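[1] pasting the sequence and the predicted model now:
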Amino acid sequence: MTKKMNTPEDSTLNGTKISRRNILKTAGVGGVGVILGASGLGGLLSLKEGKAASSETKEIIPFYDKHQGGITTKTQNHIYFVSLDVTTSKKEELVKLFKDWTKAAALLTEGKAVGPLSSNEFLPPKDTGEAAGLSPSNLTITFGVGPSLFVKDNQDRFGLKQKQSKELVDLPKFPLDALEEAWTGGDICIQACADDLQVAFHAVRNLIRIARGKAALHWAQTGFQRTKQSDPKNETPRNLFGFKDGTANPDVNSEKQMNETVWVQPGDGPNWLVNGSYLVVRRIQMFIEVWDRTNLREQENTFGRYRDSGAPLGQKDEFERLDLEKKNEQGEYSIPVDSHTRQSHGDGSQKILRRAYSYSDGMDMKTGSFDAGLLFLCFQRTPSKQFIPIQNRLAKMDKLNEYTSHRGSAIFACLPGAKQGGFIGETLFN
Ligand SMILES: C=CC1=C(C)c2cc3[nH]c(cc4nc(cc5[nH]c(cc1n2)c(C)c5CCC(=O)O)C(CCC(=O)O)=C4C)c(C)c3C=C
Ligand SMILES: [Fe+2]
């Protein structure tokens, strides 16, 4: 029996965009297995378009843009983050991979399959199928390249050495780092964020499938936030220590702030990264059992903020400007000297865009406690002037270190966005 499939080719029929959900609804109307000619399907959809299309349009973040999605776009409920090792030594295969990934990512973010769901019973289907019927879920796919893609073991692997940015180098070892190879480094990263974890997983799975023989998984980490459904007021999310996390972030709606803080500008370094950004990712375990035995005052002194309101200590409102000079009745600083807020803020001149997710990975087999914490992700224009000095201060002085351990780390240059017809990495490889 011939079935009409949701293929990349038929993603636009008669000028009508067809998403995973539409195609299923259409099949429902006509019945599974009904043969539909392109024009018949297009006609049917244009009749039904209205509701389904308008509710889904809101759940699509366009893939082709000046900047990649997943950086300043609204944070979704889930993340599936992977770091990959490139296994091919041929530059042309690497370039082809980025071209294939670009096409696939554009389809996936629109809620489409990367190929026919079941066209030939003698071959594995092109798309793995688990996202069929699901909405695009605001999926964003962000690609980055690590320092080891340029030079590894002193080898200029793909003739890219001349293009390596001075900022794209391994992070220094910070005091107290307890990094493990299993969560550190990588040649390429893919960050997939979506409001549905199955959609994010499906995206990563299919992109890695496309990379077979060219790149392989090095490490992977999922993460979550409270969902939009459970928090319709969209307040600042809370981390696993129960504190609001993300309050003092630069404003993603301010182009000026993003150009100052996040996007690489002409003249900053190599041209290929203009409109891209550097991502620092840290897998930070949080000792939640120890925290849960710590009294509230100590917890609040650790962060320098109230747990309930998220306001700085000695102040009223979550979003009030920090008053680092304010003292309490005992004559001590209201926001303690070793608190996370004071140390991460510093003199306020170094800013990063944080886009962190909590993670929970079952049990830490070494200790029997939860392996849970924060997949800390931050974007910036110049790591040596932003993440690195902040982390140097935190590693030396932050009271939060008593309750956390940095177990994984990596840096990537997230490429600029691509135009329709172009591909992610074009500026680097051409
Ligand atoms: C090097 C950068 C940072 C790391 C690593 C980091 C880890 C980390 N942070 C929290 C929880 C909170 N962080 C908060 C503020 C805050 N954190 C950083 C940087 C790093 N945090 C910055 C730059 C800031 C903002 C400073 C400012 O200007 O005020 C807060 C307070 C609320 C907020 O502003 O978001 C919390 C809570 C955890 C749990 C953690 C590691 C596990
Ligand atoms: Fe922090």
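    That came through, no problem. Ligands and ions are numbered 1, 2, ... in the order given.
[2] now do the helices in the stretch 301-430 of the chain.
    Secondary structure of the stretch 301-430 of the chain by DSSP state H, counting those that start in this stretch: the helices cover 340-345, 387-397, 426-429.
[3] for those helices, which one sits closest to T128?
    For T128, the closest of the helices of the stretch 301-430 of the chain is helix 426-429, at 27.3 Å, according to Cβ to Cβ. Yep, even glycine has a C-beta here, placed from its N, CA and C like the rest.
[4] okay, buried residues for stretch 413-427 please.
    Residues of stretch 413-427 classed as buried by neighbour count (16 or more other Cβ atoms under 10 Å): A413, C414, L415, P416, G417, A418, F423, I424, G425, E426, T427.
[5] and G223, how far from ligand 1?
    Using Cβ to the nearest ligand atom, to the nearest Å, G223 is found at 12 Å from ligand 1.
[6] low-confidence ranges, the chain, go.
    Within the chain, the segments meeting pLDDT under 70 span 1-57.
[7] what parts of it come near ligand 1?
    239, 241, 243-248, 282, 284, 286, 303, 305, 322, 340-341, 344-345, 352, 373-374, 376, 387, 390-391, 394, 404 (Cβ under 6 Å from any ligand atom).
[8] packed most tightly, which of the helices of the stretch 301-430 of the chain would that be?
    Greatest average neighbour count among the helices of the stretch 301-430 of the chain goes to helix 340-345 (a mean of 21), per mean count of other Cβ atoms under 10 Å.
[9] touching that helix from outside, list them.
    Helix 340-345 is contacted from outside by 248, 302-305, 312, 322, 324, 333, 335-336, 390, 393-394, 397-400, using Cβ atoms under 8 Å, 6 or more residues apart in numbering.
[10] what do you get if the cut-off is 6 Å, keeping everything else the same?
    Contacts with helix 340-345, where a contact means Cβ atoms under 6 Å, 6 or more residues apart in numbering, come from F303, G304, R305, L322, I335, I390, R393, L394, M397, D398, L400.
[11] across the sheet, point out what pairs with the nearest residue to A220 once chain neighbours are set aside.
    Setting aside the residues directly before and after it, A220 is nearest to V82 in space (Cβ to Cβ, 6 or more residues apart in numbering), at 4.6 Å. Beta-bridge partners for V82, by DSSP bridges, are I190, A220.
[12] okay, now V82: neighbour count?
    21 (other Cβ atoms under 10 Å).
[13] show me what contacts it?
    Residues counted as contacts of V82 (Cβ under 6 Å, 6+ apart) are I190, V204, A220.
[14] do you know how far it is from Q225?
    To Q225, V82 is 19 Å away according to Cβ to Cβ, to the nearest Å.
[15] re earlier: mark which of the residues of the chain next to ligand 1 are part of strands, please.
    R282, I284, M286, G373, L374, F376, T404 (DSSP state E).
[16] burial measure for F319, as a count.
    Neighbours of F319 (other Cβ under 10 Å): 10.
[17] got a list of what the closest residue to it other than its chain neighbours touches?
    The spatial neighbour of F319 that comes closest, neighbours along the chain excluded (Cβ to Cβ, 6+ apart), is T247 at 6.6 Å. Neighbouring residues of T247 by Cβ under 6 Å, 6+ apart: T236, G310, E318.
[18] which ChimeraX command selects the buried ones in those?
    The buried residues among the contacts of T247 can be selected in ChimeraX (16+ other Cβ under 10 Å) with this line:
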select :236,310,318
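[19] would you turn the contacts of T247 into CSV with distance to M365?
    Converted to CSV, the contacts of T247 look like this (distance: Cβ to Cβ, whole Å):
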residue, distance to M365
T236, 33
G310, 34
E318, 38
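[20] tell me which of the contacts of T247 is nearest to P124?
    Within the contacts of T247, proximity to P124 (Cβ to Cβ) peaks at T236, which comes in at 43.8 Å.
[21] got a list of what the closest residue to the closest one other than its chain neighbours touches?
    Excluding the flanking residues, the one nearest T236 by Cβ to Cβ, 6+ apart is K244, at 4.2 Å. Contact analysis of K244 by Cβ under 6 Å, 6+ apart lists T236, R238, G310.
[22] tally of neighbours for A104?
    By the criterion of other Cβ under 10 Å, A104 has 24 neighbours.
[23] from L240, how far off is A418?
    For A418 relative to L240 (Cβ to Cβ), the value is 36 Å.
[24] what's the answer for K90, then?
    43 Å.
[25] the stretch 51-200 of the chain: strands as residue ranges?
    For the stretch 51-200 of the chain, the strands defined by DSSP state E, counting those that start in this stretch occupy 78-86, 140-145, 151-152, 155-156, 188-194.
[26] dump those strands to TSV, plus distance to L97.
    Shown next, in TSV, are the strands of the stretch 51-200 of the chain (distance: least, Cβ to Cβ, whole Å):
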stretch	distance to L97
strand 78-86	8
strand 140-145	10
strand 151-152	17
strand 155-156	19
strand 188-194	9
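[27] of all those, which one is nearest E59?
    strand 188-194 (9.2 Å).
[28] give the contact list for the closest residue to P389 other than its chain neighbours.
    Excluding its sequence neighbours, the residue lying closest to P389 (Cβ to Cβ, 6+ apart) is Q350, at 5.5 Å. Residues near Q350 by Cβ under 6 Å, 6+ apart: Q386, P389, I390.
[29] state the distance from the second one to Y306.
    Right, P389. In this view, P389 and Y306 are 27 Å apart by Cβ to Cβ.
[30] next up, the contacts around F63.
    A105, A106, T109.
[31] separation between it and ligand 1?
    According to Cβ to the nearest ligand atom, F63 stands 29 Å off from ligand 1.
[32] helices along the stretch 1-150 of the chain, start to end?
    In the stretch 1-150 of the chain, the helices defined using DSSP H, counting those that start in this stretch lie at 20-30, 38-57, 91-109.
[33] starting at the chain centroid, how far to the last one?
    The one in question is helix 91-109. On the basis of Cα atoms, centre = their mean, to the nearest Å, helix 91-109 sits 18 Å off its chain's mean C-alpha point.
[34] what sits up against it?
    8, 63, 114, 139, 141, 158, 203, 207, 210-211, 214, 418, 423-425, 429.
[35] wait, which of the contacts of F63 is closest to T75?
    Set against T75, the nearest of the contacts of F63 by Cβ to Cβ is T109 (15.7 Å).
[36] quick check: the gap between the residue nearest in space to the middle of the chain and S384.
    With distances taken as Cα atoms, centre = their mean, Q191 lies nearest the centre of the chain, 4.1 Å away. Counting by Cβ to Cβ, the gap from Q191 to S384 is 22 Å.
[37] likewise D127?
    In terms of Cβ to Cβ, D127 sits 42 Å off from S384.
[38] who's more crowded, these two?
    D127 (27 against 14).
[39] count of neighbours near the closest residue to that one other than its chain neighbours?
    Spatially, and ignoring its direct neighbours in sequence, D127 is nearest to A113 (3.7 Å; Cβ to Cβ, 6+ apart). Neighbour count of A113, defined by other Cβ under 10 Å: 26.
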